[in-house]
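**Q** I need the structure of the sequence given here:
(one chain, ligands or ions: 2)
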Amino acid sequence: MPPASVSGVTPRLTDPEQLKELLGIPFTPEQTACITAPLAPQVIVAGAGSGKTTVMAARVVWLVGTGQVAPEQVLGLTFTNKAAGELAERVRRALGEAGIAPGEPQDDAAAGGEPQISTYHAFAGRLLKEHGLRIGLEPTARLLADATRFQLAARVLAASPGPHPALTRSFADLVADLLALDGELSEHLVTPSRLRAHDRELLTALEGARLTNADLRKVPDAARARLELLGLVEAYRREKNRRDLLDFGDQIALCAELARTRPEVGRILREQFAVVLLDEYQDTSVAQRILLAGLFGGGTGHAVTAVGDPCQAIYGWRGASVANLDDFPAHFPTPTAARPAATPSARTAAAAAASSTSPTPSPPPARAPRGRGGPAPRPGRRA
Ligand SMILES: Nc1ncnc2c1ncn2[C@@H]1O[C@H](COP(=O)(O)OP(=O)(O)OP(=O)(O)O)[C@@H](O)[C@H]1O
Ligand SMILES: [Mg+2]
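**A** Ligands and ions are numbered 1, 2, ... in the order given. Reported below is the predicted structural model:
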């Protein structure tokens, strides 16, 4: 028996077998288990091209087709505009193929009953626009484009009285270093004063140490350079503040604060979105995870499906944390009362269902070749 419809859509699906037929994909039993899993947190860890995104799109069809949620109650997030466009298209096509919703894009996503699918950054931008005032952020704050960021940082560096004896790289490299450090501090939610204290402690500890090789001798130099750069980051941040400007890192950090300190925002969003799909979860940063778990995790038992492949993590250098995948069950716990006693935890079930949880992904399930190699890094995904 399908659950009673909450979506206003007459339930059309009753059996997972129908999904295979409607979408033309011979889902494995493991995939089917993830697609039809109850409305609770689950994480799917599987190798490159093993069908993670396909499972997410099919899950939307199943949940909408069985009347458990309305299409506009689905929130899907991924990294690039291109990936978001593709995911939206896959979900739309799948719903269309299943005869559940129009296969053509609607002008107004919410009014037209369409899932809301966007990038993590666009979602953060919208969240701040709608709720930023709750943490004192004026709606006048503007988003800094990359070129303007570079210009502003270059101006700060050029105007700095110095001296900066430890900053020996070229002007352009130093501007890039300044921006990278600013971004990483935001994505890891580390304040400049905490980093300063850490680097000073490190230098003190190294004072008496015998640094026996060239690599070790580089450590105090790097710490001194970072301390000098930190002063410039602070000047750059003051300049952004003065001009009422934000960049992506600031946005995510502010959203994390919003989610952490204003529980009513989570309540509003959980009411709006009954189902949340997080693609490429291995690339989310600490700040993004705090934002997402603050809104949809932390014991709410909300129906969040995160999918990822640790072997494809490409943003480690800018604050992404593959640990987010491993720690998903802690960040998005299933309330004990809601967990069926005889069933393994969502993560175990999903991980077992996935084609690989090991560092070396096993081959994807038998299917048509798709012309993409193994888990090689894919630079430039956040186009
Ligand atoms: N059980 C299956 N049988 C046949 N084809 C499948 C099956 N599952 C997925 N596919 C197909 O495999 C292809 C790759 O799937 P998908 O893009 O969802 O993988 P992914 O795990 O998200 O990849 P990536 O790691 O690159 O994000 C798609 O064309 C999809 O239709
Ligand atoms: Mg994918």
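**Q** grab the nearest non-local neighbour of the most centrally placed residue in the chain.
**A** When Cα atoms, centre = their mean is applied to the chain, the residue found nearest the centroid is T284 (3.8 Å). Residue nearest to T284 in three dimensions, not counting chain neighbours: N324, with 5.2 Å by Cβ to Cβ, 6 or more residues apart in numbering. Bear in mind the C-beta positions are built from the backbone N, C-alpha and C, glycine included.
**Q** OK, contacts around the one you found?
**A** By Cβ atoms under 8 Å, 6 or more residues apart in numbering, N324 lies in contact with Y281, Q282, T284, V286, R289, H331.
**Q** ok, now how distant is it from A159?
**A** Shown here: N324 relative to A159, a distance of 38 Å by Cβ to Cβ, to the nearest Å.
**Q** same check on P263?
**A** 42 Å.
**Q** quick check on those two: which one has the bigger neighbour count.
**A** Higher neighbour count among P263 and A159: P263, with 12 against 9, using other Cβ atoms under 10 Å.
**Q** next, count neighbours for the closest residue to ligand 2 within the chain.
**A** Per Cβ to the ion, T53 is where the chain lies closest to ligand 2, at 3.3 Å. Each residue near T53 was counted by other Cβ under 10 Å, and the total is 20.
**Q** so what's it up against?
**A** By Cβ under 8 Å, 6+ apart, the residues touching T53 are L87, R90, D279, V307.
**Q** report the contact partners of the third one.
**A** Right, D279. In this structure, D279 makes contact with K52, T53, M56, G76, L77, T78, F79, A83, L87, V307, G308, judged by Cβ under 8 Å, 6+ apart.
**Q** closest to L39 out of the contacts of T53?
**A** V307 (16.6 Å; Cβ to Cβ).
**Q** all strands for the chain, in order.
**A** 42-45, 74-78, 116-119, 142-143, 245-246, 275-278, 303-308 (DSSP state E).
**Q** including mean neighbour count, could these go into JSON lines?
**A** Formatted as JSON lines, those follow (neighbours: other Cβ atoms under 10 Å):
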{"stretch": "strand 42-45", "mean neighbour count": "28"}
{"stretch": "strand 74-78", "mean neighbour count": "24"}
{"stretch": "strand 116-119", "mean neighbour count": "21"}
{"stretch": "strand 142-143", "mean neighbour count": "12"}
{"stretch": "strand 245-246", "mean neighbour count": "18"}
{"stretch": "strand 275-278", "mean neighbour count": "24"}
{"stretch": "strand 303-308", "mean neighbour count": "27"}
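**Q** pLDDT of stretch 272-279, averaged?
**A** When pLDDT is averaged along stretch 272-279, the result is 96.
**Q** what's the distance between H331 and ligand 1?
**A** 21 Å (Cβ to the nearest ligand atom, to the nearest Å).
**Q** give me the spatial nearest neighbour of that residue, chain neighbours excluded.
**A** That would be A293: by Cβ to Cβ, 6+ apart, it lies 4.2 Å from H331.
**Q** and the residue of the stretch 51-200 of the chain nearest ligand 1?
**A** Here the stretch 51-200 of the chain gets closest to ligand 1 at one residue, G51, 2.9 Å apart by Cβ to the nearest ligand atom.
**Q** how much space between that residue and E187?
**A** Using Cβ to Cβ, one gets 29 Å for the distance from G51 to E187.
**Q** go ahead and confirm S160 touches L232.
**A** Yes. Judged on Cβ atoms under 8 Å, S160 makes contact with L232 at a distance of 6.0 Å.
**Q** higher neighbour count, those two?
**A** Using other Cβ under 10 Å as the criterion, S160 and L232 rank with L232 on top: 22 against 17.
**Q** got the residues of the stretch 1-150 of the chain near ligand 1?
**A** Residues of the stretch 1-150 of the chain lying close to ligand 1 (Cβ under 6 Å from any ligand atom) are 25-28, 31, 46, 48-54.
**Q** helices of the stretch 101-250 of the chain, start to end?
**A** Under the criterion DSSP state H, counting those that start in this stretch, the stretch 101-250 of the chain contains helices at 120-131, 146-159, 171-188, 192-207, 214-242, 248-261.
**Q** can you mark which positions in the third one are buried?
**A** In terms of neighbour count (16 or more other Cβ atoms under 10 Å), helix 171-188 has its buried residues at 174-175, 177-179, 181-188.
**Q** which residues sit against that helix?
**A** In contact with helix 171-188 (Cβ under 8 Å, 6+ apart) are residues 149-150, 153-154, 156-158, 167, 169, 190-192, 195, 226, 229-230, 232-233, 236-237, 247-250, 252-253, 285-288, 318-320.
**Q** run the angle between it and helix 146-159 for me.
**A** Per axes from the mean of the first three to the mean of the last three Cα atoms, to 10 degrees, the angle that helix 171-188 makes with helix 146-159 is 110 degrees.
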